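Chemist: I need the structure of the sequence given here:
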Amino acid sequence: MKPFKAVIAATLFLIAFRPPLEARVSLLSPWAFQERLATRMNKFDQSVNFQNGWNGVTPSGDDLDSSHILFPYQISYGVLDKLEAGASWGLQHVGRKNNSNQFGINDLVVAAKYRFFDADRSQRSPGLDAEIGFSFPTASYDKGLGTGGFGVIFGWGLVLPLDPVRMQVGMGYRLNTENSDDVRIGNVFSFNVGGSYPLKQVHKDLSLIGEIKGFNRSRTKFKRTDTEGPSVDELYLAPGASFNLPKGMRALGQLMIGLTTDASDAGFSLELQF
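Modeler: The predicted structure follows:
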């Protein structure tokens with residue numbers, strides 16, 4: 001439990017000395033609410049998540065009918081006026097069917113986002129961005145904590161400021177390479193459609209959020225046995241809410257409701273932005 005305590009201590013330190021902002025590169029946390037906010041130049045945005053899923057696919061994509069608990073930390077930095085870069089790393093626990101449970105670090109993801117246009121409510125103009133990222137095999141493939149191979153991730157997003165609703169649409173693709181065990185975890189096509197609506201009649205800091213998100217995974221290939229695993233299709237309905245906290249912090253929570261056989265039956269995503 002020492003790594004877990006270290007992550008908790010580091011998170012508390014970062015919260016104490018945070019800048020008052022709230023964004024990230026979207027590729028860093030596909031289970032979190034895909035809000036596609038901007039990280040301004042020379043500024044840091046950070047967030048911590050607590051995500052959980054039951055009877056579905058683990059984050060690595062290698063185990064079905066399993067459960068997982070993921071505790072990632074994400075940071076984004078505004079490199080230029082329209083360019084931002086970030087990274088995600090954390091701890092996870094996987095409960096695998098017919099196999100031993102495991103706890104450890106997950107794969108490190110480093111990504112960048114370029115914003116072609118920023119959404120402007122006053123002009124009713126949409127925002128458009130593109131992202132590229134790389135996944136490094138820092139987690140154990142044997143323990144079911146990672147893919148075991150290098151990965152390349154692409155994505156794009158569209159933001160529509162429809163007062164008072166803010167909508168966003170995104171798509172992504174993750175390309176996994178073959179690992180040292182001659183296994184190539186299936187590539188992943190992801191998509192999301194969501195939005196947020198301020199509930200000022202209830203509380204000035206409260207907003208209703210929700211989205212539909214999916215992950216379509218191609219077959220995992222086992223080179224040594226010349227066999228393939230099943231293709232996997234995950235689809236989720238994710239309603240939730242966000243609340244603005246003092247000193248620039250923000251809390252978000254979503255219930256993950258699986259809509260397909262391969263998806264987790266249920267789960268949740270809790271996020272603290274700071």
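
Chemist: beta partners for residue 108?
Modeler: Bridge pairing for residue 108 (DSSP bridges) gives the partners residue 136.

Chemist: distance check, it against residue 146.
Modeler: 9 Å (Cβ to Cβ, to the nearest Å). All C-beta atoms are positioned from the backbone trio N, CA, C, and that covers glycine.

Chemist: looking at those two, which is more packed in?
Modeler: Remark: of residue 108 and residue 146, residue 146 carries more neighbours, 28 against 16, as counted by other Cβ atoms under 10 Å.

Chemist: need the contact list for that one.
Modeler: 60, 106, 107, 137, 138, 139, 140 (Cβ atoms under 8 Å, 6 or more residues apart in numbering).

Chemist: which helix or strand contains it?
Modeler: Using DSSP states H and E, residue 146 sits in no helix or strand.

Chemist: ok, and the closest non-adjacent residue to it?
Modeler: Distance criterion Cβ to Cβ, 6 or more residues apart in numbering; nearest residue to residue 146, sequence neighbours excluded, is residue 139 at 2.8 Å.

Chemist: I'd guessed residue 170 sits against residue 158; true?
Modeler: Yes: using Cβ atoms under 8 Å, residue 170 and residue 158 qualify as a contacting pair, with a distance of 7.4 Å.

Chemist: what's the following helix or strand after the host helix or strand of residue 170?
Modeler: Element membership for residue 170, per DSSP H and E: strand 165-176. Per DSSP H and E, the first helix or strand lying C-terminal to strand 165-176 is strand 183-184.

Chemist: what about that following strand, average pLDDT?
Modeler: Here strand 183-184 scores 96 as its mean pLDDT.

Chemist: so what touches it?
Modeler: Contacts for strand 183-184 (Cβ under 8 Å, 6+ apart): 141, 148, 149, 176, 177, 178, 220, 221, 222, 223.

Chemist: for the last one, give me phi and psi.
Modeler: I take that to be residue 223. Dihedral pair for residue 223: phi -70, psi -40, per degrees, to the nearest 10.

Chemist: quick revisit: for the contacts of residue 146, which one is nearest residue 244?
Modeler: Nearest to residue 244 among the contacts of residue 146: residue 106, at 29.0 Å, using Cβ to Cβ.

Chemist: mind checking the SS state of the residue of the chain most remote from its centre?
Modeler: Most distant residue from the mean C-alpha position of the chain: residue 225, 32.6 Å away (Cα atoms, centre = their mean). Here residue 225 is coil, with the state taken from DSSP: H, G, I helix; E, B strand; the rest coil.

Chemist: any idea how far residue 263 is from it?
Modeler: Remark: distance between residue 225 and residue 263 (Cβ to Cβ) = 27 Å.

Chemist: same question for residue 146.
Modeler: 21 Å.

Chemist: circling back: which residues are in contact with each of residue 108 and residue 146?
Modeler: Common neighbours of residue 108 and residue 146, using Cβ under 8 Å, 6+ apart, are residue 138.

Chemist: thinking again about what came up before, now for the contacts of residue 146: which two are most distant?
Modeler: 60 and 138, at 11.9 Å, using Cβ to Cβ across these.

Chemist: which of these two has more neighbours?
Modeler: Set side by side, residue 60 and residue 138 show more neighbours around residue 60, with 23 against 14, by other Cβ under 10 Å.

Chemist: give the contact list for the more buried one.
Modeler: Counting by Cβ under 8 Å, 6+ apart, residue 60 makes contact with 94, 106, 107, 139, 141, 144, 145, 146, 147, 185.
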